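K.L.:
here is my input, please return the structure:
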Amino acid sequence: MSQTPVEQHVITEVRGRVGCITLNRPKALNALSLGMIRDITAALIAWRDDTQVLAVVVRGMGRDGPFGAFCAGGDIRFFHQAALAGNPELDDFFTEEYALNHLVHTYAKPYIALMDGICMGGGMGISQGASLRIVTERSQLAMPETGIGLFPDVGGGYFLSRCPGRVGEYLALTGLVLNGAQAMGVGLADAQVDSGRLQSLWDSLGQTPYETGEAVQRWCQNHVQKHVEPSGLPLADIDRVFGLGSVGAMLTTLELGNGNWSQQTAVMLRKRSPLMLHVVLEQIRRARHLGLTDNLRMERDMVRRCFHLRPGAASETVEGIRALAIDKDHAPKWNPAKAEDVTPAMVALFFDSPWPAHAHPLRSLG
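P.N.:
Take a look at the predicted model:
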């Protein structure tokens with residue numbers, strides 16, 4: 001009896017002088033597993049020291065073939081199962097994922113991300129550090145973690161806090177989904193290309209004689225539109241509200257506001273984890289003054305607290321994932337239930353590292 005070959009969730013190949021990575025888990029919108037993180041990391045480390053590889057390009061596989069989806073994030077069903085089972089691979093997942101995020105941000109060769117379709121959470125983690133971030137008219141970018149009782153991790157504090165004005169707070173707290181043009185407008189993408197041209201761009205990478213990594217990146221830039229349109233977001237309102245000192249002040253201001261944007265934003269925030277709204281506001285404001293490495297270490301501390309401050313089913317994150325992805329009742333029982341009931345002491349616990357510096361899981365990051 002012949003065995004069915006195990007499906008490869010990450011396909012790595014060198015085409016010409018370009019290292020090509022395809023995320024190949026389309027039924028799960030290329031959600032990252034621990035095995036996928038390890039495969040991507042291994043390829044990047046091997047190619048970093050390979051003089052034949054001048055640059056790296058990463059894409060996702062859609063349900064109907066290449067492109068159409070980039071990466072929907074980490075595998076939250078795995079998070080739920082692992083947290084309830086006390087599986088130590090949950091800790092490994094975040095340690096190795098954040099180390100991969102650091103590797104992408106600090107990669108010595110051009111790293112080009114083709115962010116077609118959904119690019120959220122962990123997908124942002126492997127694309128925001130790219131030297132060229134390309135979106136399409138189908139792109140949907142977001143850091144929606146407050147909706148599952150988590151926070152924008154994978155370096156989210158670092159890259160969101162560097163958006164203009166108070167856009168970082170706004171995107172982190174609401175989890176708003178941006179299209180490609182909006183992402184360019186707030187500095188979360190560099191260029192846009194029509195999705196119909198992605199396959200020819202990909203094919204050309206292996207057929208073009210390049211002499212340097214910079215030549216690979218220039219070739220890609222020649223295929224895209226670099227003109228940045230205004231984001232269309234109400235930036236003055238965002239700065240006015242999300243620059244306020246507390247979540248409570250933001251909610252009061254929004255709920256007293258007359259316009260559609262104020263009312264819709266208030267409704268959106270009221271659906272998020274009240275505890276994590278406060279934690280995330282503190283995260284973004286701390287991250288604005290941190291470098292990438294210290295930010296990732298802070299996020300590693302925070303994610304440990306998300307799953308272990310209240311272990312198992314009592315975890316805010318486990319409950320959020322249950323409501324969204326397991327039972328799908330979309331009725332999480334947040335604890336506390338209202339933003340007004342969150343105390344500063346509850347928030348402070350997330351920023352108290354469970355490890356001494358010499359034993360931190362990300363101590364070796366450069």
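
K.L.:
is it fair to say residue 298 lies in a helix?
P.N.:
Yes - counting by DSSP: H, G, I helix; E, B strand; the rest coil, residue 298 falls inside a helix.

K.L.:
how close does the closest residue in space to residue 121 that isn't next to it in sequence sit to residue 269?
P.N.:
Of all residues not flanking residue 121 in the chain, residue 73 sits nearest, at 2.8 Å (C-beta to C-beta, 6 or more residues apart in numbering). Where C-beta positions appear, they are placed from N, C-alpha and C, glycine not excepted. Using C-beta to C-beta, to the nearest Å, one gets 21 Å for the distance from residue 73 to residue 269.

K.L.:
who's more crowded, those two?
P.N.:
Between residue 73 and residue 269, residue 73 has the larger neighbour count (other C-beta atoms under 10 Å), namely 26 against 20.

K.L.:
what sits against the more buried one?
P.N.:
Contact analysis of residue 73 by C-beta atoms under 8 Å, 6 or more residues apart in numbering lists 31-32, 120-123.

K.L.:
can you add pLDDT, neighbour count and secondary structure and give those back as JSON lines?
P.N.:
Putting these into JSON lines (pLDDT from 0 to 100; neighbours: other C-beta atoms under 10 Å; DSSP: H, G, I helix; E, B strand; the rest coil) gives the following:
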{"residue": "31", "pLDDT": "98", "neighbour count": "24", "secondary structure": "coil"}
{"residue": "32", "pLDDT": "98", "neighbour count": "28", "secondary structure": "strand"}
{"residue": "120", "pLDDT": "98", "neighbour count": "23", "secondary structure": "strand"}
{"residue": "121", "pLDDT": "98", "neighbour count": "25", "secondary structure": "coil"}
{"residue": "122", "pLDDT": "98", "neighbour count": "25", "secondary structure": "helix"}
{"residue": "123", "pLDDT": "98", "neighbour count": "31", "secondary structure": "helix"}
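
K.L.:
need those in a markdown table with distance to residue 172, can you?
P.N.:
What follows is the contacts of residue 73, written out as a markdown table (distance: C-beta to C-beta, whole Å):
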| residue | distance to residue 172 |
| --- | --- |
| 31 | 21 |
| 32 | 20 |
| 120 | 13 |
| 121 | 12 |
| 122 | 16 |
| 123 | 16 |
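
K.L.:
and residue 60, that's in a strand?
P.N.:
Yes - when three-state DSSP is applied, residue 60 is found to be in a strand.

K.L.:
just the helices in the stretch 151-300 of the chain please.
P.N.:
156-160, 167-174, 180-185, 198-205, 213-221, 235-242, 247-256, 260-271, 274-287, 292-308 (DSSP state H, counting those that start in this stretch).

K.L.:
so where's this structure shaky on pLDDT?
P.N.:
Within the chain, the stretches with pLDDT under 70 are 1-6.

K.L.:
rerun that using 80 as the cut-off
P.N.:
1-6, 226-228 (pLDDT under 80).

K.L.:
show me where it has strands.
P.N.:
Along the chain, counting by DSSP state E, strands occupy 10-15, 18-23, 55-62, 65-66, 111-115, 118-120, 132-135, 140-142, 191-192.

K.L.:
columns distance to residue 274 on top of these, output as TSV?
P.N.:
Formatted as TSV, these follow (distance: least, C-beta to C-beta, whole Å):
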stretch	distance to residue 274
strand 10-15	37
strand 18-23	34
strand 55-62	33
strand 65-66	41
strand 111-115	31
strand 118-120	22
strand 132-135	32
strand 140-142	20
strand 191-192	36
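
K.L.:
just give the nearest non-adjacent residue to residue 261, would you?
P.N.:
Spatially, and ignoring its direct neighbours in sequence, residue 261 is nearest to residue 234 (5.4 Å; C-beta to C-beta, 6+ apart).
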